[in-house]
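Colleague: here is a sequence together with a model predicted from it:
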Amino acid sequence: MPATQIDRIFGALESAGYPREFQNSLLPEWVTGEMLQDEGATLEVASILAKRLGLRVAPLFSDNPGLEELRRRDTKYKRSIPNKSKNLSAATSLAMFVAESVAYATPYDYIPFPQNPHELRAEILGTEGGNWLGLRNLLQACWRHGVPVIYLDHVGDGLPKMDGMVTMFDGRPVIILSKRSSSWAWQSFIIAHEIGHCALGHIEPDEILIDETLGEQSYALDDLDEDEQAADRFAITLLNGRENATYGHGTGRMSSQGLADAAMAYGQANHVDPGHVVLNFAKHNNAWALGVAALNILQVGLEPAGAVVNDLLWRRVHQAVLPDDTIELLRRVAPVE
């Protein structure tokens, strides 16, 4: 039985790095298997896929379907661990559709961040409040500045994802988080890092800046890229109130509970997120197992970070300006729970 046009389109997208399961996840619920067998529905289905992947529709309908981007964007992949680089085409395309949709529905003017992290720290603590800079007041400050923050969660089983990303739509930065971590401190560091890229002018119109990994091997100042180092310095200063902050020398017989308690005491006294203190300590003492255990202790009783991010997203975004199908997809890939 000869392949149908929609089968050829699915195949071309799959060859380009968009798994079939991922393609199916982009389609509205009303697109059934029976509908996919109807040649008459091919244009509608292809148009939906093209829109959500940022592609032109016409090249998909040639005898040998091809992919052509709707809008040329310069994608810069940062923080790529050698020999472990992933094919992020699918995750990036979805992230761009989500970012563009949310940017369009953001009802706040964009106010650029101060270039001085000390100034921004004072502004956030003075306006949003809090004993330290952490997930909630960082998120509130981003939205106050007209910079949406989204946690992309359900983007397809096994699909490679970036940890963080920032792009611009119509002059407005949008921050995407995808790191698989429920830790408030980890996501706060990524937000602070991406804010640094925005504040320091690293992101241009029609550009995508992707931090492929901000994991153990690349947390703060372990990168030869000057922009990455600058964004790290910005983030460290913003979160700690001082440059090049480091914590602890040697782990000795410290337990995870002891580290968590010490970080909490220091954080409360010095207005620094205890979770960040733990991450910083783990990095500079090469004590990641101990640090992760302490982070888990500090995380007890807290919602997953992604739920906190997306709860504020859905309370800030103006849903009425978006099509129902777009809202349905956003709810699926950026859920609160």
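Modeller: Happy to help now that I have it.
Colleague: next one: the closest residue to T4 other than its chain neighbours from H145, what distance?
Modeller: Leaving aside its chain neighbours, T4 sits nearest to E39 (6.2 Å; criterion: C-beta to C-beta, 6 or more residues apart in numbering). Heads up, the C-betas are built off the backbone N, CA and C, glycines and all. Going from E39 to H145 by C-beta to C-beta, to the nearest Å gives 48 Å.
Colleague: more crowded one of the two?
Modeller: H145 (22 against 9; other C-beta atoms under 10 Å).
Colleague: list the contacts for the closest residue in space to the more buried one that isn't next to it in sequence?
Modeller: Leaving aside its sequence neighbours, H145 sits nearest to I111 (C-beta to C-beta, 6+ apart; 4.6 Å). With contact set as C-beta atoms under 8 Å, 6 or more residues apart in numbering, I111 has these partners: R144, H145, G146.
Colleague: phi first, then psi, for T167.
Modeller: Torsion angles at T167 (phi, psi; degrees, to the nearest 10) stand at phi -140, psi 180.
Colleague: picking that back up, hang on, the residue nearest to T4 packs against I9?
Modeller: No. Taking contacts as C-beta atoms under 8 Å, E39 lies outside contact range of I9: 11.8 Å.
Colleague: if I look at these two, which residues touch both of them?
Modeller: By C-beta under 8 Å, 6+ apart, no residue touches both E39 and I9.
Colleague: relative to A235, how far out is E243?
Modeller: 11 Å.
Colleague: which of these two has more residues huddled nearby?
Modeller: Neighbour totals were compared for E243 and A235, and A235 leads with 26 against 11 (other C-beta under 10 Å).
Colleague: phi first, then psi, for the nearest residue to that one once chain neighbours are set aside.
Modeller: Once flanking residues are discounted, A235 sits nearest to A192: 3.7 Å by C-beta to C-beta, 6+ apart. Per-residue torsions, A192: phi -60, psi -40 (degrees, to the nearest 10).
Colleague: alpha carbons of stretch 112-125, as PDB, please.
Modeller: Extracted C-alpha coordinates of stretch 112-125, given in PDB (Å, rounded to 0.1, in the frame of the first residue of the first chain):
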ATOM      1  CA  PRO A 112      14.900  45.800  30.900                       C
ATOM      2  CA  PHE A 113      16.700  44.400  33.900                       C
ATOM      3  CA  PRO A 114      19.500  46.600  35.500                       C
ATOM      4  CA  GLN A 115      22.900  45.600  34.300                       C
ATOM      5  CA  ASN A 116      24.200  45.800  37.800                       C
ATOM      6  CA  PRO A 117      23.300  42.600  39.800                       C
ATOM      7  CA  HIS A 118      23.600  44.400  43.100                       C
ATOM      8  CA  GLU A 119      21.000  47.000  41.900                       C
ATOM      9  CA  LEU A 120      18.700  44.200  40.700                       C
ATOM     10  CA  ARG A 121      19.100  42.300  44.000                       C
ATOM     11  CA  ALA A 122      18.100  45.400  46.000                       C
ATOM     12  CA  GLU A 123      15.200  46.100  43.700                       C
ATOM     13  CA  ILE A 124      13.800  42.500  44.100                       C
ATOM     14  CA  LEU A 125      14.200  42.400  47.900                       C
END
